[in-house]
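K.L.:
Kindly return the folded structure for what I paste below:
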Amino acid sequence: MRRRGSASIAANPVLIGAATTLVVIVAVFLAYNANNGLPFVPSYSLNAEVPSAAQLVKGNEVRVGGTRVGVVDKITPVRHSNGTVTAQLGLKLETTVKPLPVDSTVIVRPRSALGLKYVEITKGTSNKGYPDGGTIPLRQATPKPVEIDEVLNMFDDKTRAASRVNLKEFGDAFAGRGQDLNQAIEALNPLLTNLVPVMRNLSNPQTKLPQLFRALEQTASQVAPVAEQQASLFDNLDTTFTAFSNVARPYIQQAIVNGPAALDEATRAFPQQRPFLVNSAGFFHDLRPGVRALRTAAPDLADAFEIGTRTLRRTPAMNRELKPTFAALQRFAEDPLVRLGVNDLTNTARLLNPTIAFVTPAQTVCNYASIWFRNVGSLLSEGDKNGTGQRFIVVAAPQGPNNEGGPSSAPASGGVPGAQDNYLHTNPYPNTAAPGQPRECEAANESYDIGKTTIGNDPGDNGTTHDVTKRNLNQ
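P.N.:
Okay, here's the model as predicted:
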């Protein structure tokens, strides 16, 4: 006989419903937070800077070596001082990857063609790791990912049209050449046999073949901005080769046949031409300054050539008229007396050279000749109704011994108390900036030394003033 209180819980519908509801709530909670990791499970948090988080959403996977090790917990845009914008990813990782080496790299890769993305981490080899909450810098977000749309965008209308043309041209090229293809396939066996040591050399690390492809990648990135120009180049080459096809036979074919003989002749002739080429290189090197100067002179030269063309048309008639003149010049040059006259002129010029060297600065620096003629003209022309100034000028000798009015035994040197004008001041050869002289014009610019006899050059520099006198005429 069983007791009523010992009945099983399974017989209570209320308890069964409550337990079922609790299990469903827990399952829904776990499913909702599955992308963010299970609750109460320890995690390893990192930040990663990437150039772009396009189509990457919160909850996307983080993988290492293809294995899921965490999820993207947060995506934050970051604006830099230069105006560019990048993204910072908050990664919630499993503790199995802790600590992540500091030389690890990160890249956002597509998971499918539908646009789903994930974050791939390539672990480094450093012994130093990121602490919890550390940041993977932007410089380690390498290599740059290639999106599927970028790959598909390569096949634009022009590329597809060119691919069709290539397929058609290759098809036309192989058409009717079955026997040649069979011979080529037959020759592949020795080719592949000889290719083995070549490939062995290429695979040797000392060959550094990967550096070649990296260099090719850099080269391609450098020529990418001129891709349109290169396409135009191939387009123009197609036009050129089409033109060549019209003269391929017999002209180009004959040129190829005669090519070996021409190369042999060039091999013999080039060593003899080498000195000429070296001298030509030096000649063109010396011409560089002149050619550089022609940049600014080119418009004037163009005008000169245009005007000169019209002038040259009239030169034949002028040359015919100049023929008697040159004949007379030739007779004059061949006359023995002309040689004697030229020699005399040469001697005269040589004798006059020192005189001209001293006389020239008197005019070019001091303007003495022009001032003399001007003053003489004024002296003989200016005056009043009684006559010119030269006619009525009063010439009176100073008073005192040895004055200029009569015979004297010595230069005038005063001698009369209060007489300040009985002092001789003479400079027979004033400085005129002649060879060996200072650059000054002393005549009429010398100061009058009161109470002192001065003979010769005035001490000091009187400058080159030649029109305003410094002499005090009242003293």
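K.L.:
All the helices of the stretch 51-200 of the chain, in order from the start?
P.N.:
148-153, 157-174, 178-186, 188-203 (DSSP state H, counting those that start in this stretch).
K.L.:
Save those as JSON lines, and put in distance to Phe276 and mean neighbour count too.
P.N.:
Where you see a C-beta, it was placed from the backbone N, CA and C, and this is true even at glycine. Conversion of the helices of the stretch 51-200 of the chain to JSON lines gives the following (distance: least, CB to CB, whole Å; neighbours: other CB atoms under 10 Å):
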{"stretch": "helix 148-153", "distance to Phe276": "54", "mean neighbour count": "10"}
{"stretch": "helix 157-174", "distance to Phe276": "45", "mean neighbour count": "10"}
{"stretch": "helix 178-186", "distance to Phe276": "46", "mean neighbour count": "10"}
{"stretch": "helix 188-203", "distance to Phe276": "42", "mean neighbour count": "10"}
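K.L.:
For those helices, give me CSV that also has mean pLDDT and distance to Thr432.
P.N.:
Listed next are the helices of the stretch 51-200 of the chain as CSV, based on pLDDT from 0 to 100; distance: least, CB to CB, whole Å:
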stretch, mean pLDDT, distance to Thr432
helix 148-153, 74, 87
helix 157-174, 88, 85
helix 178-186, 84, 100
helix 188-203, 84, 89
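K.L.:
Looking at these, which is nearest to Arg320?
P.N.:
With CB to CB, the closest approach to Arg320 among those belongs to helix 157-174: 66.7 Å.
K.L.:
Next, the angle from the closest one to helix 178-186.
P.N.:
Relative orientation of helix 157-174 and helix 178-186, computed by axes from the mean of the first three to the mean of the last three CA atoms, to 10 degrees: 90 degrees.
K.L.:
start the count at 31, not 1, going forward
P.N.:
Got it, first residue is 31 now, which makes that one helix 187-204.
K.L.:
coming back round to it: quick one: which of the helices of the stretch 81-230 of the chain is nearest Pro437?
P.N.:
That would be helix 187-204 among those, by CB to CB, at 117.6 Å.
K.L.:
For the closest one, which outside residues touch it?
P.N.:
Residues outside helix 187-204 that contact it (CB atoms under 8 Å, 6 or more residues apart in numbering) are 185, 211.
K.L.:
distance between that helix and the chain's centre?
P.N.:
Here the centre of helix 187-204 is set off from its chain's centre by 42 Å, with CA atoms, centre = their mean, to the nearest Å.
K.L.:
How about stretch 308-323?
P.N.:
21 Å.
K.L.:
Ok, stretch 154-174 next?
P.N.:
Averaged C-alpha coordinates place stretch 154-174 at 39 Å from its chain's average position (CA atoms, centre = their mean).
K.L.:
Give me the sheet partners of the longest strand along the chain and which way each runs.
P.N.:
Scanning the chain for the strand with the most residues, using DSSP state E, yields strand 97-109. According to DSSP bridges, strand 97-109 has the following sheet partners: strand 91-94 (antiparallel), strand 115-123 (antiparallel).
K.L.:
Tell me which of those approaches Pro227 most closely.
P.N.:
strand 91-94 (39.4 Å).
K.L.:
quick one: average confidence on the closest one?
P.N.:
Computed over strand 91-94, the mean pLDDT rounds to 89.
K.L.:
List the contacts of that strand.
P.N.:
98-102, 121-123, 127, 141, 148-153.
K.L.:
returning to what we had before: turn the helices of the stretch 81-230 of the chain into TSV, including distance to Asp479.
P.N.:
Shown next, in TSV, are the helices of the stretch 81-230 of the chain (distance: least, CB to CB, whole Å):
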stretch	distance to Asp479
helix 178-183	99
helix 187-204	100
helix 208-216	115
helix 218-233	103
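K.L.:
returning to what we had before: mind listing what's buried in the longest strand of the chain?
P.N.:
Neighbour-count burial for strand 97-109 flags 99-103 (criterion: 16 or more other CB atoms under 10 Å).
K.L.:
just for the stretch 331-480 of the chain, where's the confidence low?
P.N.:
Scanning the stretch 331-480 of the chain for pLDDT under 70 picks out 412-413, 415-426, 447-450.
K.L.:
Which stretches in it count as helices?
P.N.:
Counting by DSSP H, counting those that start in this stretch, the helices of the stretch 331-480 of the chain are 366-394, 398-411, 419-422.
K.L.:
CSV please, covering those and showing mean neighbour count and distance to Thr269.
P.N.:
Shown next, in CSV, are these (neighbours: other CB atoms under 10 Å; distance: least, CB to CB, whole Å):
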stretch, mean neighbour count, distance to Thr269
helix 366-394, 11, 69
helix 398-411, 12, 77
helix 419-422, 12, 95
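K.L.:
Next, format those as JSON lines and append distance to Leu225.
P.N.:
Shown next, in JSON lines, are the helices of the stretch 331-480 of the chain (distance: least, CB to CB, whole Å):
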{"stretch": "helix 366-394", "distance to Leu225": "88"}
{"stretch": "helix 398-411", "distance to Leu225": "98"}
{"stretch": "helix 419-422", "distance to Leu225": "118"}
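K.L.:
That'll do, ta.
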